[in-house]
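> any chance you could fold what I've pasted below:
(chains A, B, C and D)
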Number of protein chains: 4
Amino acid sequence: MLKGLTRAGLGSIHSDERMIELAAEYGFQAVDLDALGLIERHGIEGARELLLRHNIVIGAIGLPVEWRGAEETFREGLSKLTAAAEAASQLGCRACCTYILPSTDLKAAHFMALATRRLRVCAQLLASYGMKLGLEFVGPHHLRTQWANPFIWTVEETLDWIEAIGERNVGLLYDSYHWYTNGLTTADILKLHADQIVHVHINDAPDVPVEEALDNGRVYPGEGVIDLAGFLHGLHSIGYQGVVAQEILSSAAPTESPEMLTLRSKAGFDKVFAAAAEQDRWQEK
Amino acid sequence: MLKGLTRAGLGSIHSDERMIELAAEYGFQAVDLDALGLIERHGIEGARELLLRHNIVIGAIGLPVEWRGAEETFREGLSKLTAAAEAASQLGCRACCTYILPSTDLKAAHFMALATRRLRVCAQLLASYGMKLGLEFVGPHHLRTQWANPFIWTVEETLDWIEAIGERNVGLLYDSYHWYTNGLTTADILKLHADQIVHVHINDAPDVPVEEALDNGRVYPGEGVIDLAGFLHGLHSIGYQGVVAQEILSSAAPTESPEMLTLRSKAGFDKVFAAAAEQDRWQEK
Amino acid sequence: MLKGLTRAGLGSIHSDERMIELAAEYGFQAVDLDALGLIERHGIEGARELLLRHNIVIGAIGLPVEWRGAEETFREGLSKLTAAAEAASQLGCRACCTYILPSTDLKAAHFMALATRRLRVCAQLLASYGMKLGLEFVGPHHLRTQWANPFIWTVEETLDWIEAIGERNVGLLYDSYHWYTNGLTTADILKLHADQIVHVHINDAPDVPVEEALDNGRVYPGEGVIDLAGFLHGLHSIGYQGVVAQEILSSAAPTESPEMLTLRSKAGFDKVFAAAAEQDRWQEK
Amino acid sequence: MLKGLTRAGLGSIHSDERMIELAAEYGFQAVDLDALGLIERHGIEGARELLLRHNIVIGAIGLPVEWRGAEETFREGLSKLTAAAEAASQLGCRACCTYILPSTDLKAAHFMALATRRLRVCAQLLASYGMKLGLEFVGPHHLRTQWANPFIWTVEETLDWIEAIGERNVGLLYDSYHWYTNGLTTADILKLHADQIVHVHINDAPDVPVEEALDNGRVYPGEGVIDLAGFLHGLHSIGYQGVVAQEILSSAAPTESPEMLTLRSKAGFDKVFAAAAEQDRWQEK
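Next up, the predicted model:
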């Protein structure tokens, strides 16, 4: 598994270039960023060289298509998607991800039908660029009633949706926070195959009742109550070899410097990956 | 358009064979029946000869797959579907239909995902037999809250679902009762293309507020308040040339003889088709 | 049916704007052109106004995706397609067409697999813009052996391919020249449904043996040997109501002025449409 | 990886039950057989118990659908497929396989279009039963010209076809003989992901020029010239954990007893698996 960073959790970091530098400096192997922007600023060869020089790969890009609103908005995203996928694939990135809000003001069944068609188009486009689409189920309880009608938030529902979308290149974005807020355990990860997982997010939860864990109330890996050792051990056991990217969503931006926050992230990763390796070894005995 | 019968509305009629005879006798051109049963009783050649002798075609068969319940139940239906489609296609039938209940005890979005996958399989199987799948949106208001969660019941939602299913051979079963209880007009039919409609049901509604029209409280065409002339005129205007089959769902079976009920049905069809033809002529002027 | 023009056959006409003017002046109702270019030069509102003022609709745009070559070339086309489809749909155009060369230097089966995937992506993208994809089978005999391996050129093969592509919005571009060089008759058109046809091309063939009719040896409607009355009568009989666009491919550009050529085209259309109307009337008796 | 047997190579073995016994006796873990027949003879519980008692799993069933001929023949297979898949899935089997003849008397491109549609239906049906469809590319040179037109026979072509079919549950049946006759090496296997492989066949080739290796001229693993150690090492390296089933197609049935042939098979497996393990160890150093 590759250790990765996103800008969520790095405070006032002001560029993807700086994130690449910090990631490299603190021993990370991957970052999630805007591949198209990187190419626009450096050219394809420049962007490749920048990544290569820091020995960093791009973990995933975000899906630049708004599939939750009006049809016109969706359509406008398709042009953005071809550009983003072209850029990302030229830099070797193979994953594009989006998240599923667990409730909606639309009629849930109708929205599911619309979203199924739209994400199928996105998946087909991404397949043309050799990329996968990762769908992130979102677990925090407060979001399930944030909008008028429940949508979906469990792994099972998301896998069923992936079958409904029906394209070969769609899988899960598996985030430790959503795993935790869904009340899942390592055993639930062991039911999966590695090829069902497109991307992984890691972050931790504060010591509050799970029902009260807020989506933007996350803490750094190893600083909270989630069994991240069990999470990583499960992923390792099923053969997942992709990126595990930190994504610390918080209501207030952290005030420490990006350098300090990257160091703190590194300490968190070191701690939970070491604990997971311990479980791996224990299992192999 | 072909005038058709189903057993719903013919009282204590006890066989499809008798329905074929009555349909022929009273000037109908089509019946909806169990094609496989007909072949089991008469052989393929016998069944073809029976239909030919009465100059009757089969309008549609019902989808023998329960796609609303457990996965095992769904799977069991697939064997039935291959047998039913084989039989129906051998007798020249090109339509297979199912209805969509407007509410569900399942989580609506999850159920939509499951149902999308399942109906796609059914549609693909039917396509192998040269058949189409017709989805019947169901309008009566009381059914929208019959189960815990709203599902879908409008034409627009159903068309969006058909796009989500994504197969070439899926269209609408358009029932006058559901058109009426959805508050639609001829103008709504004129927005459609004929090839979006797989099958048509006709029946009438009692003179009660539309919100109180019960799904199993239907009356014979021409005996109620639905603008069936406008309904048929709309279908004719967009070039629909398929079957229009009577389907009178009622809480208590009518007590008249099947012969009297067929005669009554014929009178109803004559009345509303004549009124529609009047509108057609008026339009062409 | 709407009478339409393309630039093929209008000689040295140098702009789509001039084609719109000539089309309007000589009684045509549609043109096939580059919708994106029109918008780039006039803005959306300007382009709409230009069409509206001349009472001209856009029949079809060409598919800006090269699906017959390298994967990179295909991918580059996808961005062009989103831009072209966005432009065309904003101007009310609902058809995008491409042609199928009847032989290929690639291994035929492998190329069919590649092309099936690629055209499925194009079809899905077009569906997002409410557009259809028309596939033009190409009949001239010399092209069947132009490249090393036979591909497909018949209606039946093309319809089977459309089923393999499997998207709801794919149909035929039906060109009278390919109908003729495939040895087809009006009866073959009568086997189709109108919704299987996305667009129609019309042009005529010189009086040479059909095997020697060259793809770029076409003549103006009514000036050759094709039974265009039967062609149009067949299309009318199955309810086709779309555009019939002239497309005169020739090895040497005609030397007459665009005005004279449009007049000549009008004369051809008048002749063959009148003959077809005669057949329609005869049939209705 | 699980060591498996098929009846091809076991001589005059007259029942699947006997194959199960011999497989168990000689240390195999899987057999490929007719799951439906087993259930018909023993009932579901009896069949499960029989397999469990011998600690044998079913590797794969053959696709009971003839997708290479007439449409009627294809359709007849669909009923067989629902029954076969129902049976196989009830016994825990997750793979259903078919082979691709490398040439055809049909027009290659047209046949590819037909076959794409047909195998998509099969794949969707299999998915309903939780099963995968494995496509076996077939390498022997003589079969490439056995029929009039070349079809496909390489891994790349087959993977491209799988993308054209477009269903999530389709992958490769990887047979060592076809790997060898395609001139492939371990490096070619290392380009794949384990989830692209549904099933594996193993057998060896006589010491003749590769162009002369006949499809039904195979020999037992370890008795020929194929680098089976490299083959198995490659599969192990990419994480393949499924069944590797022997399939010795030969023009004349071997005359030894089934017992002797199973023993011979065991010796072959032991030899090549040991050699592969040696390579695995060498790599890990």
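
> can you give me the strands in chain A?
Assigned by DSSP state E, chain A shows strands spanning A:2-5, A:30-31, A:57-58, A:61-62, A:95-100, A:103-104, A:132-137, A:149-150, A:170-175, A:197-202, A:243-246.

> list the helices and strands the fourth one packs on?
When contacts are defined as 3 or more CB pairs under 8 Å, 6 or more residues apart in numbering or on different chains; DSSP states H and E, strand A:61-62 sits against strand A:95-100. Quick note: C-beta positions are derived from backbone N, CA and C, even for glycine.

> so which bits of the stretch 101-250 of chain A are right by chain D?
A:Ala127, A:Glu163, A:Gly166, A:Glu167, A:Arg168, A:His193, A:Ala194, A:Asp195, A:Gly239 (CB under 8 Å from any CB of the partner chain).

> does the fifth one touch D:Leu159 like I think?
This means A:Arg168. No - under the criterion of CB atoms under 8 Å, A:Arg168 makes no contact with D:Leu159, lying 11.0 Å away.

> which of the residues of the stretch 101-250 of chain A next to chain D sits closest to chain D?
If you rank those by distance to chain D using CB to the nearest CB, A:Asp195 comes first, at 3.9 Å.

> ok, the closest one - contacts?
Listed by CB atoms under 8 Å, 6 or more residues apart in numbering or on different chains, the contact partners of A:Asp195 are A:Gly171, D:His193, D:Ala194, D:Asp195.

> what pairs with the first one across the strands?
What that stands for is A:Gly171. Under the criterion DSSP bridges, A:Gly171 forms beta bridges with A:Gly134.

> next, count neighbours for it.
24 (other CB atoms under 10 Å in any protein chain shown).

> same list, the strands of chain A, but as a markdown table with distance to B:Thr145 and mean pLDDT please.
Listed next are the strands of chain A as a markdown table, based on distance: least, CB to CB, whole Å; pLDDT from 0 to 100:
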| stretch | distance to B:Thr145 | mean pLDDT |
| --- | --- | --- |
| strand A:2-5 | 48 | 98 |
| strand A:30-31 | 50 | 98 |
| strand A:57-58 | 49 | 98 |
| strand A:61-62 | 39 | 98 |
| strand A:95-100 | 27 | 98 |
| strand A:103-104 | 20 | 98 |
| strand A:132-137 | 29 | 98 |
| strand A:149-150 | 14 | 97 |
| strand A:170-175 | 34 | 98 |
| strand A:197-202 | 39 | 98 |
| strand A:243-246 | 44 | 98 |
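
> any chance of the ones you listed in a markdown table, plus distance to C:Cys93?
Shown next, in a markdown table, are those (distance: least, CB to CB, whole Å):
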| stretch | distance to C:Cys93 |
| --- | --- |
| strand A:2-5 | 44 |
| strand A:30-31 | 42 |
| strand A:57-58 | 38 |
| strand A:61-62 | 32 |
| strand A:95-100 | 30 |
| strand A:103-104 | 33 |
| strand A:132-137 | 29 |
| strand A:149-150 | 37 |
| strand A:170-175 | 31 |
| strand A:197-202 | 36 |
| strand A:243-246 | 43 |
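
> if we can go back for a sec, of the residues of the stretch 101-250 of chain A next to chain D, buried ones?
Among these, those scoring as buried are A:Ala127, A:Glu163, A:Gly166, A:Glu167, A:Arg168, A:Ala194, A:Asp195 (criterion: 16 or more other CB atoms under 10 Å in any protein chain shown).

> so what pLDDT did the second one get?
A:Glu163 carries a pLDDT score of 98 in this model.

> please apply the same query to A:Trp282.
Note on A:Trp282: pLDDT of 82.

> one more: A:Lys285?
With respect to pLDDT, A:Lys285 scores 69.

> what of A:Ala277?
93.

> now the helices: where do they sit in the stretch 1-150 of chain A?
Ranges of helices within the stretch 1-150 of chain A are A:16-25, A:35-54, A:71-90, A:108-128, A:141-144, based on DSSP state H, counting those that start in this stretch.

> what comes up buried for the first one?
Translated: helix A:16-25. A:Asp16, A:Glu17, A:Met19, A:Ile20, A:Glu21, A:Leu22, A:Ala23, A:Ala24.

> for A:Leu36, which non-adjacent residue is closest in space?
A:Ala87 (3.9 Å; CB to CB, 6 or more residues apart in numbering or on different chains).

> so the one you found is in contact with A:Ala35, correct?
Yes - counting by CB under 8 Å, A:Ala35 is a contact partner of A:Ala87 at 4.4 Å.

> show me which of those two is the more surrounded one.
A:Ala35 (26 against 22).

> ok, that one to A:Gln90 distance?
8 Å (CB to CB, to the nearest Å).

> how about the residues of the stretch 151-285 of chain A by chain B?
Proximity of the stretch 151-285 of chain A to chain B, by CB under 8 Å from any CB, involves residues A:Phe151, A:Ile152, A:Glu157, A:Asp160, A:Trp161, A:Glu163, A:Ala164, A:Gly166.

> out of those residues, list just those in helices.
A:Glu157, A:Asp160, A:Trp161, A:Glu163, A:Ala164 (DSSP state H).

> in JSON lines: those, plus distance to B:Ala252.
Formatted as JSON lines, those follow (distance: CB to CB, whole Å):
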{"residue": "A:Glu157", "distance to B:Ala252": "41"}
{"residue": "A:Asp160", "distance to B:Ala252": "40"}
{"residue": "A:Trp161", "distance to B:Ala252": "42"}
{"residue": "A:Glu163", "distance to B:Ala252": "43"}
{"residue": "A:Ala164", "distance to B:Ala252": "40"}
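
> can I get those residues in JSON lines with distance to chain C?
Below are these laid out as JSON lines (distance: CB to the nearest CB, whole Å):
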{"residue": "A:Glu157", "distance to chain C": "24"}
{"residue": "A:Asp160", "distance to chain C": "22"}
{"residue": "A:Trp161", "distance to chain C": "18"}
{"residue": "A:Glu163", "distance to chain C": "17"}
{"residue": "A:Ala164", "distance to chain C": "15"}
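
> and the pLDDT for the closest residue to A:Asn149 other than its chain neighbours?
Using CB to CB, 6+ apart and skipping residues adjacent in sequence, the residue nearest A:Asn149 is A:Ala108, 4.4 Å away. Per-residue pLDDT puts A:Ala108 at 98.

> just to revisit the earlier point, in ChimeraX, select just the buried ones from the residues of the stretch 151-285 of chain A next to chain B.
What follows is the ChimeraX syntax selecting those of those that are buried according to 16+ other CB under 10 Å:
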select /A:151,152,157,160,161,163,164,166
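
> which one of the residues of the stretch 151-285 of chain A next to chain B sits closest to D:Phe273?
The closest of these to D:Phe273 turns out to be A:Glu163 (CB to CB; 35.6 Å).

> the closest one contacts B:Arg117, correct?
Yes - between A:Glu163 and B:Arg117 there is a contact under CB under 8 Å: 5.0 Å.

> ok, now how distant is A:Ser237 from A:Gln246?
Going from A:Ser237 to A:Gln246 by CB to CB gives 21 Å.

> an error on my part: the question was meant for A:Trp282.
Taken as CB to CB, the span from A:Trp282 to A:Gln246 is 25 Å.

> get me the contact residues on chain A for chain C.
By the rule CB under 8 Å from any CB, the part of chain A lying against chain C is A:74-75, A:78-79, A:82-83, A:86, A:118, A:120-121, A:124-125, A:127-129.

> if we use 7 Å, what do you get?
Contact residues, chain A versus chain C (CB under 7 Å from any CB of the partner chain): A:Arg75, A:Leu78, A:Ser79, A:Thr82, A:Ala83, A:Glu86, A:Arg120, A:Val121, A:Gln124, A:Leu125, A:Ser128, A:Tyr129.

> neighbour count and pLDDT for these - can I get that in CSV?
Output for those, formatted as CSV (neighbours: other CB atoms under 10 Å in any protein chain shown; pLDDT from 0 to 100):
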residue, neighbour count, pLDDT
A:Arg75, 20, 96
A:Leu78, 26, 97
A:Ser79, 18, 95
A:Thr82, 25, 97
A:Ala83, 18, 97
A:Glu86, 19, 97
A:Arg120, 21, 98
A:Val121, 23, 98
A:Gln124, 24, 98
A:Leu125, 25, 98
A:Ser128, 22, 97
A:Tyr129, 22, 98
